[in-house]
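1. sequence first, then the predicted structure:
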Amino acid sequence: MMDLQQRPILITGGAGGIGRAITLRLLSLGYPVGVLDLDSAALMALEETALAGLAPIADGRLLTYEVDITDYGAVQHAVEDFNAQVGAVFGLVNNAGWDEARPFVDTDPDFWRRIVDINLYGPLNVTHAVLQRLAAAGRGRVISIASDAGRVGSSGEAVYSAAKGGIVAFMKTLAREHARQGLTFNSICPGPTDTPLLAGFDASGRLQEALERAIPMRRLAQPEDFPGLVAFFLSDDASYITGQVISVSGGLSMQG
Ligand SMILES: NC(=O)c1ccc[n+]([C@@H]2O[C@H](COP(=O)([O-])OP(=O)(O)OC[C@H]3O[C@@H](n4cnc5c(N)ncnc54)[C@H](O)[C@@H]3O)[C@@H](O)[C@H]2O)c1
């Protein structure tokens, strides 16, 4: 049996949406989890949930950091503190992301910069902050929550798609660079998922209904559709799987 308490996991955006479901699952499995999120209220709510035992917490330990992942210095500081408090990090889940649906022709460089900062530079910052430690330990897993937008495109999400496609390529390249050190890097691509991010695209709910009609399984993904795959990628069973990309989309996208 793996001693999961010796395998601390960092997750970005772990206080909301998909990330929160992943955080609670990893805690329930017994992993120490460090959450980097910029939403202080969501971090407090997460701590309360964990403390109140509303989540089936086993031996997992939760540390939270109010950090914007676009700030490299703040990320470094949080990673150092997490390492000092719970030991050498074993896994990173790059989950935080953001977008607002707009036709590319109506956008401007400030908007592009914001999207690229959060969705591309953010994961670069956090991955860079943990990578030397993982390589030195000769063990480790990085899992990036990318998007099907980065694989097949998504109308209204041109720059976001570019950033997410970039993350997929980034994971594949690190998978090659660090394979001999025993590190793995994989991407999970959600399809449309029922979270505040998607709700922000269309308050009327019409977009969500149209997506449900288009998805073969006739429903949006729920945050709980993702933690199982993350836990698998973190497990010993996945130690020979690297550089891969898996869509979780109810069949909306099917890759060859
Ligand atoms: N919801 C979808 O339909 C969908 C589809 C494909 C991919 N994704 C991806 O899944 C991931 C999770 O998305 P979600 O739907 O759960 O979003 P969400 O908005 O519901 O939650 C995102 C979390 O990340 C945090 N966050 C955002 N920017 C941050 C930053 N700069 N620094 C630190 N924390 C930050 C937020 O505070 C929030 O807690 C994202 O990478 C997103 O791009 C979502």
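-> On my side now, so go ahead. Residues are numbered from 1 along each chain as shown.
2. tell me the residues of the stretch 101-250 of the chain that contact the ligand?
-> Residues of the stretch 101-250 of the chain lying close to the ligand by Cβ under 6 Å from any ligand atom are Ile118, Gly122, Ile145, Ser147, Pro190, Pro192, Thr193, Thr195, Pro196, Leu197, Leu198. Quick note: C-beta positions are derived from backbone N, CA and C, even for glycine.
3. what's the ChimeraX syntax to select whichever of those residues are buried?
-> Remark: buried members of those, expressed as a ChimeraX selection using 16 or more other Cβ atoms under 10 Å:
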select :118,122,145,147,190,192,193,195,197,198
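4. the residues of the stretch 101-250 of the chain next to the ligand in helices, which ones?
-> Cross-referencing these against helices under DSSP state H gives Gly122, Pro196, Leu197, Leu198.
5. so the second one makes contact with Gly17?
-> Yes: assessed by Cβ atoms under 8 Å, Pro196 is found in contact with Gly17 at 6.0 Å.
6. can you give me the strands in the stretch 1-150 of the chain?
-> Secondary structure of the stretch 1-150 of the chain by DSSP state E, counting those that start in this stretch: the strands cover 9-12, 33-37, 62-66, 91-94, 140-145.
7. would you format the ones you listed as TSV with mean pLDDT included?
-> Putting those into TSV (pLDDT from 0 to 100) gives the following:
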stretch	mean pLDDT
strand 9-12	98
strand 33-37	97
strand 62-66	96
strand 91-94	98
strand 140-145	99
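8. Leu174: which of these is closest?
-> Distance to Leu174, taken as Cβ to Cβ, is lowest for strand 140-145 among those, at 6.9 Å.
9. return the distance of stretch 175-184 from the chain's centre.
-> 20 Å (Cα atoms, centre = their mean, to the nearest Å).
10. then stretch 80-94?
-> So, by Cα atoms, centre = their mean, the centroid of stretch 80-94 is 16 Å from its chain's centroid.
11. hmm, who's touching it?
-> 6-12, 14, 19, 22, 31-32, 34, 61, 63, 65, 79, 122-123, 126-127, 130, 133-134, 137, 139-145, 167, 230, 234 (Cβ atoms under 8 Å, 6 or more residues apart in numbering).
12. end to end, how far does it reach?
-> From its first residue to its last, stretch 80-94 covers 17 Å (Cα to Cα, to the nearest Å).
13. most centrally placed residue in the chain?
-> In the chain, the residue lying closest to the centroid (Cα atoms, centre = their mean) is Asn95, at 1.7 Å.
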